[in-house]
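Asks: one predicted model, sequence on top.
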Amino acid sequence: MVLLLPHILLLTCSLGLAKAAITSGCGKQATNVGLTTPFNVTSSNASRNFLVHVPLGYDNHHQYPVVLAFHGNTETAAELELDTRLSDPKWSPSASLPSLPCLGFKLMVYPNGINASWAGASYSNSTISQDLQFVSDVLSDLSSNFCIDSNKIYATGFSNGGGFVDILACSGNSVGAKFAAFVAASGAYYQEALYNSTYQCVPAKSPTPIAFIHGLNDSDVFYDGGDGEGGFLPAVPAVVDSWVSRNRCGNLSTADSYNGTVHISSWTCDGVDGALEHYREADMGHVWASQQQTFSQLVIGEGPTKLEANDVIMKFFDKFSLDKESNWGRFTINWNGGDRH
C-alpha cells in the first residue's frame with residue numbers, strides 16, 4: 001500500500017495539469033525525482049549552472065509548470081532555495097485540485113548568476129544580453145530534459161534577482177515573451193531608472209502580469225528610492241506606476257490587513273483583473289517575506305513577517321498562462337478578517 005500511494009496520488013492529481021505543445025523532454029526518464037540537482041549549460045561561450053528541483057510526484061508523461069527563482073547579490077541559488085523553501089511541495093499543489101495532498105506540481109529552477117549577481121546593477125558581473133541568453137538556454141535545456149508546460153513558465157526573484165525579474169518582464173522582444181507572469185520580492189530596480197533614456201522596456205503584451213512585494217522598513221533597497229549599492233534606486237511606487245502605464249491599468253482596488261500593517265493594491269489592466277499587484281508590509285526589512293523564520297530574517301535580526309511570499313507568488317502564477325488569462329480574483333492571500341476597499 002505504501003508503494004502504491006504516490007502513483008494513486010499522481011493519477012488523481014495529474015488531472016489538473018494543462019496541455020501545451022509537447023516538449024522533447026516528455027517521456028524522458030528523470031533520475032532525480034524528489035531532489036534538487038545541479039545542471040550545466042554553455043551560454044554566451046561560458047559555462048553556467050542552475051539547480052532543478054523535480055517534484056516527488058513527477059510523471060514524465062504530464063506537462064509541468066516551471067518557476068525560475070533568481071537569487072540576490074552575493075547569494076547563491078542553493079541559498080535562495082534554502083531561504084525561501086519554494087521547493088516545499090505544499091507551495092505547488094495542483095492548481096485545479098488544491099485540496100488533494102499532491103507531491104508537488106511545479107518544477108522549481110534556481111539559476112546562478114555570474115559571481116553571484118545578475119545584470120542591471122553597477123556591481124553586476126554580466127551584461128543584460130548575457131543573462132537573458134542564459135535564461136533562454138536554461139529554458140531550452142529544461143525542455144530537452146523534462147516534460148514542461150510551455151504556457152506556464154514563471155519568474156520570481158529576491159533583491160538583485162527581483163530587479164532582474166523586472167528586466168525579464170521588460171524583455172518581451174526576446175526571452176521575456178516565454179514567461180506567463182512575474183513576481184519581484186524586495187527587488188532592486190536599478191534598470192528602471194534608465195528606461196526611456198539608455199534602454200527601452202518592451203513587454204511582450206499588455207497586460208504583462210506582474211506583482212511586487214516590498215517592505216517599508218527595507219534599509220538595503222529603500223522603498224522610497226535613493227542611492228543604492230548598485231546605483232540609483234527609483235522608488236518602488238514609481239516602478240509600480242510604470243507598470244500601471246505599460247499594462248494600461250484602470251480600476252484600482254486596495255485592501256488592508258493586520259491592523260493596517262499589510263497593504264495591497266490590485267489593478268484591472270486591459271480588462272484582466274489583478275494583472276498588476278503590489279504587496280507592502282510596514283515593518284518588513286530586506287528579507288524574504290515568510291511567516292516562518294528564514295535565514296534572511298535572522299541575518300538582520302527580524303522575526304517572521306505577516307506576508308507569506310510563497311503563497312502570494314504561487315497563487316498569482318496560478319492565475320495566468322500564455323494561452324489563457326483567468327480572472328480568479330484580485331486578492332491572493334488569506335485576510336483573517338482584514339478589510340477590503
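Replies: Structure received.
Asks: list the buried ones in stretch 237-247?
Replies: For stretch 237-247, the neighbour count (16 or more other C-beta atoms under 10 Å) marks P237, V239, V240, S242, W243, V244, R246, N247 as buried. Where C-beta positions appear, they are placed from N, C-alpha and C, glycine not excepted.
Asks: same check, this time on stretch 269-279
Replies: C269, V272, D273, G274, A275, L276, E277, H278, Y279.
Asks: pretty sure V138 is touching L51, no?
Replies: No. Taking C-beta atoms under 8 Å as the definition, V138 is not a contact partner of L51, at 10.6 Å.
Asks: which residues are common contacts for these two?
Replies: Residues touching both V138 and L51 comprise V109, P111, with contact defined as C-beta atoms under 8 Å, 6 or more residues apart in numbering.
Asks: from the buried residues of stretch 269-279, which land in strands?
Replies: Of the positions in those, C269, V272, D273, G274, A275, L276, E277, H278, Y279 sit in strands, assigned by DSSP state E.
Asks: quick one: which of these is nearest G301?
Replies: Among these, Y279 lies closest to G301 (C-beta to C-beta), at 22.3 Å.
Asks: can you pull the pLDDT of S14?
Replies: Predicted confidence (pLDDT) for S14: 40.
Asks: scratch that, T198
Replies: With respect to pLDDT, T198 has a value of 76.
Asks: and D149, by the same measure?
Replies: D149 is assigned a predicted lDDT (pLDDT) of 96.
Asks: what count of nearby residues applies to it?
Replies: Burial of D149, expressed as a neighbour count using other C-beta atoms under 10 Å, amounts to 23.
Asks: now it: which helix or strand?
Replies: Counting by DSSP states H and E, the element that carries D149 is strand 148-158.
Asks: for the next helix or strand after that strand, the distance to its chain's centre please.
Replies: Reading on from strand 148-158 to the C-terminus, the next helix or strand found by DSSP H and E is helix 160-169. Offset of helix 160-169 from its chain centre (C-alpha atoms, centre = their mean, to the nearest Å): 9 Å.
Asks: next, the angle strand 148-158 makes with helix 160-169.
Replies: For helix 160-169 and strand 148-158, the angle between their directions (axes from the mean of the first three to the mean of the last three C-alpha atoms, to 10 degrees) works out to 130 degrees.
Asks: so what touches stretch 299-311?
Replies: Taking contacts as C-beta under 8 Å, 6+ apart, the residues outside stretch 299-311 that touch it are 84-86, 88, 91, 185, 213, 215, 219, 257-258, 261-262, 279, 281, 284-294, 297, 332-334.
Asks: so which of the residues you listed are in strands?
Replies: In strands, judged by DSSP E, the following of the contacts of stretch 299-311 are found: A185, I213, G215, S257, V262, Y279, E281.
Asks: show me what the fourth one bridges to in the sheet.
Replies: Taking DSSP bridges, one obtains V262 as the residues bridged to S257.
Asks: mind listing the strands for the stretch 1-150 of the chain?
Replies: With DSSP state E, counting those that start in this stretch, the ranges of strands along the stretch 1-150 of the chain come out as 36-43, 46-53, 64-70, 107-111, 148-158.
Asks: in TSV, list the buried residues of stretch 269-279 along with pLDDT.
Replies: Listed next are these as TSV, based on pLDDT from 0 to 100:
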residue	pLDDT
C269	98
V272	97
D273	97
G274	98
A275	98
L276	99
E277	99
H278	99
Y279	99
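Asks: make a markdown table from these and add distance to G301 to it.
Replies: Compiled in a markdown table, the buried residues of stretch 269-279 are given as follows (distance: C-beta to C-beta, whole Å):
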| residue | distance to G301 |
| --- | --- |
| C269 | 38 |
| V272 | 40 |
| D273 | 38 |
| G274 | 34 |
| A275 | 36 |
| L276 | 33 |
| E277 | 29 |
| H278 | 26 |
| Y279 | 22 |
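Asks: kindly indicate which of those residues lies nearest T208.
Replies: Distance from T208 was checked for each of the buried residues of stretch 269-279 by C-beta to C-beta. The minimum falls on A275, at 7.6 Å.
Asks: show me what contacts S159?
Replies: Taking C-beta under 8 Å, 6+ apart as the contact definition, S159 lies against G72, N73, E75, A185, S186, G187, A188, D220, V221, H286.
Asks: what sits closest to the fourth one if chain neighbours are left out?
Replies: Right, the one you point to is A185. In space, not counting the residues next to it along the chain, A185 is nearest to I213; the distance is 4.5 Å by C-beta to C-beta, 6 or more residues apart in numbering.
Asks: can you give me the pLDDT of the one you found?
Replies: 99.
Asks: pretty sure it sits against A184.
Replies: Yes. In this structure I213 lies within contact range of A184 using C-beta under 8 Å: 7.2 Å.
Asks: before we move on, back to that, next, give me the two most distant ones among the buried residues of stretch 269-279.
Replies: V272 and Y279 (18.2 Å).
Asks: distance of D311 relative to G215?
Replies: When distances are taken as C-beta to C-beta, to the nearest Å, D311 and G215 turn out to be 16 Å apart.
Asks: between these two, who's got more neighbours?
Replies: Each of D311 and G215 had its neighbours counted (other C-beta under 10 Å), and the higher figure belongs to G215 (24 against 17).
Asks: next up, the contacts around the more buried one.
Replies: Under the criterion of C-beta under 8 Å, 6+ apart, the contact partners of G215 comprise S186, Y223, R280, E281, A282, D283, M284, G285, H286, V287, A289, T305.
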